[in-house]
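Chemist: below are the sequence and a predicted model; questions follow.
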Number of protein chains: 2
Amino acid sequence: MSSVIDLLKSHRSIRKFTDQPIEPELLEELFIAGQAAATSSFLQGTTIVRVTNPATREKISELAGNQPYVAKAAEFMIFCADLKRAGNYCEVYEKSFEGDFTEHFIIATVDVALMAQSLVTAAESVGLGICYIGGIRNNPGSVSELLELPKGVYPVFGLCLGYPDQDPEIKPRLPLSVVIKKEVYNEEGDKEMIKDYDEVIREYYRTRTGGGHGISWSEQVAVLLGEKSRPHMKGFLAEKGFKFK
Amino acid sequence: MSSVIDLLKSHRSIRKFTDQPIEPELLEELFIAGQAAATSSFLQGTTIVRVTNPATREKISELAGNQPYVAKAAEFMIFCADLKRAGNYCEVYEKSFEGDFTEHFIIATVDVALMAQSLVTAAESVGLGICYIGGIRNNPGSVSELLELPKGVYPVFGLCLGYPDQDPEIKPRLPLSVVIKKEVYNEEGDKEMIKDYDEVIREYYRTRTGGGHGISWSEQVAVLLGEKSRPHMKGFLAEKGFKFK
């Protein structure tokens, strides 16, 4: 196939980085590569806030649930869904701002993720490692204050970038037949496939952590969906103007 | 830099495809490459429904706002955010399903976009062209019926894939300084930069369409945010169990 496909297949999150900085020219190339991703309705709804101040990095590291690599990676940035930049022009063209629909939230959030993933692929293609930081949504209000995010802008996730100082295993994914359906959604055979996959994941955790928890995939995700997850998000987003109309 | 960065920078949507099919082995590689993208909390919240039935393709083409390439591209698939697959295991592990929080919606939607964008990059690396189809959200209920999507699953976007039969220009993006901020969000200088950029986009449309509308970026996005956008999405998603708690 292609070396790009091999690159994509070799992704794993990196949580330990060397001290080597990323050259400004390279960083700019990564941003441009990310920006070239598709954008819905040409909104270009992403703003990236690059955080270099060590004290701010330290604070965000704590706010994200004590993830030290947020402070230590060569680069850390927060990807924001931004309806303000475009929304500013409603007044110019004599329209009232109506950008608080669920659909607007989807458009902006998808835009952010597409740009991030292209940036990530660009980074990995030059030997950098990355780690997405969803943990910033533990305290989105405090993160927004630190970054002075205005109404119409919310922090979707953070991203650590740097040269890897570890070489973790690739984490096995669900069998393709479970994830790719033909013509219609059906779950035929999935239960058995997932049962086998659960064993693969147990084994992955056991070997990776040298006698670790050995939890299965199904057990992990049952916890994720069987508990309230960041229940503050709705209220936080409403304050930022994302009202899910 | 790297050839991957050049590849990413050369993205443009393709809306006209040759008749050449995509080999099954290649398609499988694209799926695997996509699946290797990061996934939040290891949810793996994406299900892809690959649609090959010509009548269904034709119907979706109409439902998406008469986009003929949906019917004509070598491959068309719908990317779904899927909380059902994982949610099934709440009962197994004696938990009540709580996956109707705004946060769960974000996790699943971001998962879908990350996987899609890696699949897209894989596809473009072997000479395929792609077009995201957000238009399926014009009629998400009808699309869901055609695909028999159960509760807990919603169609985020479609994707056309095929060998390009056109060679459109790359669409210029916002200036980097407008999109990348340092330390904090601020809009200093953005207005002037966007004014110049608006002219670039006017010119892009004028030349591309051979005397076309010549609309600016700011005017386009003012329309997007100055009008109700797919107001049915909230009710549709609620029916599917995405309740934005």
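Modeler: Nice, I can see it. This is a predicted model, so every value here is computed, not measured. Numbers count the residues shown, from 1 in each chain, chains lettered A, B, ... in the order given.

Chemist: now A:Thr207: closest residue in space, sequence neighbours ignored.
Modeler: For A:Thr207, ignoring the flanking residues on the chain, the nearest one in space by CB to CB, 6 or more residues apart in numbering or on different chains is A:Glu169 at 7.9 Å. For glycine as for every other residue, the C-beta is placed from the backbone atoms N, C-alpha and C.

Chemist: hang on, I meant A:Tyr93
Modeler: B:Ala222 (4.2 Å).

Chemist: for chain A, list the residue farthest from the centre, please.
Modeler: A:Glu94 (35.2 Å; CA atoms, centre = their mean).

Chemist: specify the local secondary structure of that one.
Modeler: coil (DSSP: H, G, I helix; E, B strand; the rest coil).

Chemist: all helices of chain A, in order?
Modeler: A:3-9, A:24-35, A:54-63, A:69-72, A:84-92, A:102-125, A:140-147, A:176-179, A:190-208, A:217-225, A:233-239 (DSSP state H).

Chemist: now do the same for A:Thr47: its pLDDT.
Modeler: On pLDDT, A:Thr47 comes in at 98.

Chemist: that one contacts B:Asn186, correct?
Modeler: No: the pair A:Thr47 / B:Asn186 is not scored as a contact, 10.5 Å apart, by CB atoms under 8 Å.

Chemist: so A:Tyr205 versus A:Asp198, what's the distance?
Modeler: With distances taken as CB to CB, to the nearest Å, A:Tyr205 is found 11 Å from A:Asp198.

Chemist: okay, now A:Lys16: neighbour count?
Modeler: For A:Lys16, the neighbour count with other CB atoms under 10 Å in any protein chain shown is 16.

Chemist: hmm, it is touching A:Gln166, no?
Modeler: Yes: using CB under 8 Å, A:Lys16 is in contact with A:Gln166, at 4.2 Å.

Chemist: and chain B, is stretch A:9-19 touching that?
Modeler: Yes: residues of stretch A:9-19 are located near chain B by CB under 8 Å from any CB of the partner chain, namely A:9-11, A:13.

Chemist: now rank these by neighbours and give me the top one.
Modeler: Most surrounded of the residues of stretch A:9-19 next to chain B: other CB under 10 Å gives A:His11, at 20 neighbours.

Chemist: please parse chain A into its domains.
Modeler: Split into domains by automatic domain parsing, chain A comes to A:3-170, A:176-208.

Chemist: compare those domains and give me the one nearest B:Glu239.
Modeler: Across these, the minimum distance to B:Glu239, taken as CB to CB, is reached by domain A:3-170, at 12.8 Å.

Chemist: list phi and psi for A:Ala73.
Modeler: Note on A:Ala73: backbone dihedrals following degrees, to the nearest 10 are phi -60, psi 150.

Chemist: about what we covered before: pick the most deeply packed of the helices of chain A.
Modeler: Mean neighbour count (mean count of other CB atoms under 10 Å in any protein chain shown) peaks for helix A:102-125 among the helices of chain A, with a mean of 26.

Chemist: now stretch A:109-120: average pLDDT?
Modeler: 98.

Chemist: CA atoms only: put it into CSV for me.
Modeler: Output in CSV follows, covering the C-alpha atoms of stretch A:109-120 (Å, rounded to 0.1, in the frame of the first residue of the first chain):
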residue,chain,number,x,y,z
THR,A,109,-16.5,20.4,16.9
VAL,A,110,-16.0,18.3,13.8
ASP,A,111,-13.9,21.1,12.2
VAL,A,112,-11.7,21.1,15.2
ALA,A,113,-11.2,17.3,15.2
LEU,A,114,-10.4,17.1,11.4
MET,A,115,-7.8,19.9,11.7
ALA,A,116,-6.3,18.3,14.8
GLN,A,117,-6.0,14.9,13.2
SER,A,118,-4.3,16.2,10.1
LEU,A,119,-1.9,18.2,12.3
VAL,A,120,-1.2,15.0,14.3
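
Chemist: the nearest residue to A:Gln220 once chain neighbours are set aside: what's it in contact with?
Modeler: Among residues not flanking A:Gln220 along the chain, B:Phe42 sits closest, at 5.8 Å (CB to CB, 6+ apart). By CB atoms under 8 Å, 6 or more residues apart in numbering or on different chains, the contact set of B:Phe42 is A:171, A:217, A:220-221.

Chemist: and the closest residue to A:Ser118 other than its chain neighbours, how far from A:Phe79?
Modeler: Excluding the flanking residues, the one nearest A:Ser118 by CB to CB, 6+ apart is A:Ala37, at 4.1 Å. Remark: distance between A:Ala37 and A:Phe79 (CB to CB) = 12 Å.

Chemist: shared neighbours of those two, which are they?
Modeler: By CB under 8 Å, 6+ apart, the residues touching both A:Ala37 and A:Phe79 are A:Met115.

Chemist: stretch A:235-243 and chain B in contact?
Modeler: Yes: against chain B, stretch A:235-243 shows contacts by CB under 8 Å from any CB at A:Leu237.

Chemist: ok, now stretch A:52-68?
Modeler: Yes: using CB under 8 Å from any CB, stretch A:52-68 reaches chain B at A:52-53, A:56.

Chemist: where does chain A dip in pLDDT?
Modeler: Within chain A, the ranges that satisfy pLDDT under 70 run A:1, A:209-212.

Chemist: biggest strand in it by residues?
Modeler: In chain A, taking DSSP state E as the definition, the longest strand is strand A:153-162.

Chemist: now check it, is it near chain B?
Modeler: Yes: interface with chain B: strand A:153-162 contributes A:153, A:156-157 (CB under 8 Å from any CB).

Chemist: how about TSV for those residues, with neighbour count added?
Modeler: Listed next are these as TSV, based on neighbours: other CB atoms under 10 Å in any protein chain shown:
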residue	neighbour count
A:Val153	24
A:Val156	24
A:Phe157	23
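
Chemist: list the contacts for A:Arg202?
Modeler: When contacts are counted by CB under 8 Å, 6+ apart, A:Arg202 touches A:214-216.

Chemist: just the buried ones from those, in PyMOL syntax?
Modeler: Per 16 or more other CB atoms under 10 Å in any protein chain shown, the buried members of the contacts of A:Arg202 correspond to this PyMOL selection:
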select buried, chain A and resi 214+216
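
Chemist: need the contacts of A:Arg202 in TSV (columns: distance to chain B).
Modeler: Below are those laid out as TSV (distance: CB to the nearest CB, whole Å):
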residue	distance to chain B
A:Gly214	14
A:Ile215	10
A:Ser216	9
